[in-house]
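Asks: I'd like to go over a predicted model; first the sequence, then the structure.
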Amino acid sequence: MRFYGSKNLFTWLSFTLLSVLSLLGAPALPLASMAQAQEPQLGDSLILRQNSTLFSQPGFGFRNWEEGHRSGVPVDRLAWPQKGDRVEYLSQVRVGKGVGVRQEGTYYRVRYTGGNAPPEGIEGFLNANILQLSRTSHSSQDALHSEAPCSACHSGLLSQANRIQDVISKASDGSHPDFKDSIELTKYLRKYRGGCANAPFNAYLNEYRHYISAASESFGIPEVALTCLLFRESQFQANARSRTGAIGIAQFTTVGRSEVDKHLRQVDDLSTLGEQLKNREDFIADYRSKLSRGERPTDWERERYGNFVVERDHMRLGFMWQDYIDSVRGRIGANPPWSGPYPTRFTEQRARDPRLAIGAAALYFRRIADRYGRVIEEDDILQKGDTFDLMVISSGAYNWGWGDLERHLKRKQKQARFNGTYRDWMRDQKGNWAELAKGGRSETDRHMESVRRCMESGVDDPPMGTRHPCRD
């Protein structure tokens, strides 16, 4: 193991000592002396970024809790904290491979006082990736300009005026009424795996699922939607290549790789990009506040608002990519296949690497979902069917290309002789977009229908083109 300077050595020794003491049940040590200011300290308040389960041992996830329990590991589910709940930070431990471990990495020992917990609270472990430090003395903007990247800080900045992500994220924990839960989804994927081959499906269970989960969290996309998209595109085959030249687990074409590469180049300038992003989000918030007060914006403000919404969505993708890489860095290891802190180019070679391709697929998928999401007015409410519908049509645009699909939709608008703009027409068709997108390209129709069958709860119909289910 190599260390670069005494600062890194001191940090590693501090974490190691703290991990040993935590596992032995010793009192947690304050982290005030840690070199990185973004690390939580004893007693700090942390916010959950998604629904979760509080376990009595670190490293366990709900999906494989029973596996570990059957193997004799003394672990209990203590509580079910929800997204937005606060917990008190106590200590942290590092977890490696082992029975029942869902994801290697850092886990926090916390005290939870919500739900049905007693007044004194319940102590247990949560994955550090799903916890965000609630800072009262450090601003998000200060963190963006600090030397060390702070994903917890910029995620707070990203949440401003980010209604589409909030809507999409409601389904990301699998609790959405229209989406399969993790158990139903795994059974479906096993039943209809390509050629009944075990290797790609096992690679999904043992490796790809962790990257998909991290990408879902970072980009605010339902995990089941991203899983079904990749299942349809490649059947989880990392070396897949289509007749049209699309490659890898996410089946990126040259155009798709170019689109992702454009957004990754932003990561080189995150320090200045943070200020630009904040300026756009502030203008958007002021504009919407003016509308809510009944004030009429000028033509210049309307044009600037439209441009800023598009630019804001593009800028956020760079921060989301950074958050994804930070969350999977522990799984990738000490020698990542790129130079510098983050990969800022998306080459053909990287499109073949499932670790990067899964994150890039989530970026591109989120890019498309943002585009359709913009037609929804701020005071409009997305119902459960609308969120599901948004995922289906976005998968169609991923397959065909959003430009081609949009031209098809505009032809349908013309045929319908709708008296209004394209945006007005799409708003009028909200909840029916996936049906509306049909009829333009047969392959895209089959693609959307297959993704729908994979995602929708209670549906066991096979993907289009699959004749017989696997028997084992």
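Replies: Done, it's in. Numbering: from 1, shown residues only.

Asks: so which residues make contact with stretch 295-313?
Replies: 161, 276-277, 280-281, 283-284, 287, 290-291, 367, 370-371, 374 (CB atoms under 8 Å, 6 or more residues apart in numbering). C-beta: built from backbone N, CA, C; applies to glycine.

Asks: hmm, 7 Å instead?
Replies: 277, 280-281, 283-284, 287, 290, 370, 374 (CB atoms under 7 Å, 6 or more residues apart in numbering).

Asks: sec struct for the nearest residue to Trp433 once chain neighbours are set aside, please.
Replies: Distances taken as CB to CB, 6 or more residues apart in numbering put Ile393 closest to Trp433, at 4.3 Å, once the chain neighbours are dropped. Here Ile393 is recorded as helix under DSSP: H, G, I helix; E, B strand; the rest coil.

Asks: Ile393: neighbour count?
Replies: 23 (other CB atoms under 10 Å).

Asks: what's the spacing between it and Met448?
Replies: Ile393 sits 7 Å away from Met448, going by CB to CB, to the nearest Å.

Asks: so who does the residue nearest to Trp433 touch?
Replies: Ile393 makes contact with 372, 433-434, 437, according to CB under 7 Å, 6+ apart.

Asks: next one: Gly396
Replies: Gly396 touches 405, 437, 444, 447-448, counting by CB under 7 Å, 6+ apart.

Asks: tell me the most packed of those, by neighbour count.
Replies: Counting by other CB under 10 Å, top hit in the contacts of Gly396: Met448 with 27 neighbours.

Asks: can I get the helix or strand where Arg367 lies in PDB, CA atoms only?
Replies: Under the criterion of DSSP states H and E, Arg367 resides in helix 354-373. Taking Å, rounded to 0.1, in the frame of the first residue of the first chain, the C-alpha atoms of helix 354-373 are listed here in PDB:
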ATOM      1  CA  PRO A 354     -19.600  -1.600 -17.300                       C
ATOM      2  CA  ARG A 355     -18.500   0.500 -14.200                       C
ATOM      3  CA  LEU A 356     -18.400   3.700 -16.300                       C
ATOM      4  CA  ALA A 357     -21.000   2.700 -18.900                       C
ATOM      5  CA  ILE A 358     -23.700   2.200 -16.300                       C
ATOM      6  CA  GLY A 359     -23.100   5.700 -14.800                       C
ATOM      7  CA  ALA A 360     -23.000   7.200 -18.300                       C
ATOM      8  CA  ALA A 361     -26.300   5.400 -19.200                       C
ATOM      9  CA  ALA A 362     -27.900   7.000 -16.100                       C
ATOM     10  CA  LEU A 363     -26.600  10.400 -17.200                       C
ATOM     11  CA  TYR A 364     -28.000  10.100 -20.700                       C
ATOM     12  CA  PHE A 365     -31.300   8.700 -19.400                       C
ATOM     13  CA  ARG A 366     -31.600  11.600 -16.900                       C
ATOM     14  CA  ARG A 367     -30.700  14.000 -19.800                       C
ATOM     15  CA  ILE A 368     -33.700  12.700 -21.800                       C
ATOM     16  CA  ALA A 369     -36.100  12.600 -18.800                       C
ATOM     17  CA  ASP A 370     -35.200  16.300 -18.000                       C
ATOM     18  CA  ARG A 371     -36.100  17.200 -21.600                       C
ATOM     19  CA  TYR A 372     -39.600  15.700 -21.400                       C
ATOM     20  CA  GLY A 373     -40.000  16.800 -17.800                       C
END
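
Asks: re earlier: which neighbours do Ile393 and Met448 share?
Replies: With CB under 7 Å, 6+ apart, Ile393 and Met448 have common neighbours 434, 437.

Asks: mind checking the SS state of Gln132?
Replies: Per three-state DSSP, Gln132 ends up strand.

Asks: that should have said Pro40, apologies.
Replies: Classified using three-state DSSP, Pro40 is coil.

Asks: my guess is it contacts Leu133. True?
Replies: Yes: between Pro40 and Leu133 there is a contact under CB atoms under 7 Å: 5.3 Å.

Asks: could you tell me which residues touch both of these two?
Replies: Leu46.

Asks: and the most far-flung residue of the chain relative to its centre, its phi and psi?
Replies: No residue in the chain sits farther from the centre than Arg417, which is 38.4 Å out by CA atoms, centre = their mean. Reported as degrees, to the nearest 10, the phi and psi values for Arg417 are phi 50, psi 50.

Asks: where along the stretch 51-200 of the chain do the helices fall?
Replies: Along the stretch 51-200 of the chain, the segments classed as helices by DSSP state H, counting those that start in this stretch run 65-70, 140-144, 151-158, 163-169, 182-191, 198-203.

Asks: which of these has the lowest mean pLDDT?
Replies: For these, the weakest mean pLDDT is recorded on helix 140-144, namely a mean of 29.

Asks: please name the nearest non-neighbouring residue to the residue sitting nearest the centre point of the chain.
Replies: Closest to where the C-alpha atoms of the chain average out (CA atoms, centre = their mean) is Ser216, at 2.3 Å. Nearest non-adjacent residue to Ser216, counting by CB to CB, 6+ apart: Glu223, 3.9 Å away.

Asks: same deal with Ser457?
Replies: Nearest one to Ser457, counting by CB to CB, 6+ apart, is Lys180 at 5.0 Å.

Asks: quick check: the one you found touching Arg453?
Replies: No: between Lys180 and Arg453 there is no contact under CB under 7 Å: 10.0 Å.

Asks: who has more neighbours, these two?
Replies: Per other CB under 10 Å, whichever of Lys180 and Arg453 has more neighbours is Lys180, with 24 against 20.

Asks: for the protein, longest strand please?
Replies: When the chain is parsed with DSSP state E, its longest strand is strand 86-95.
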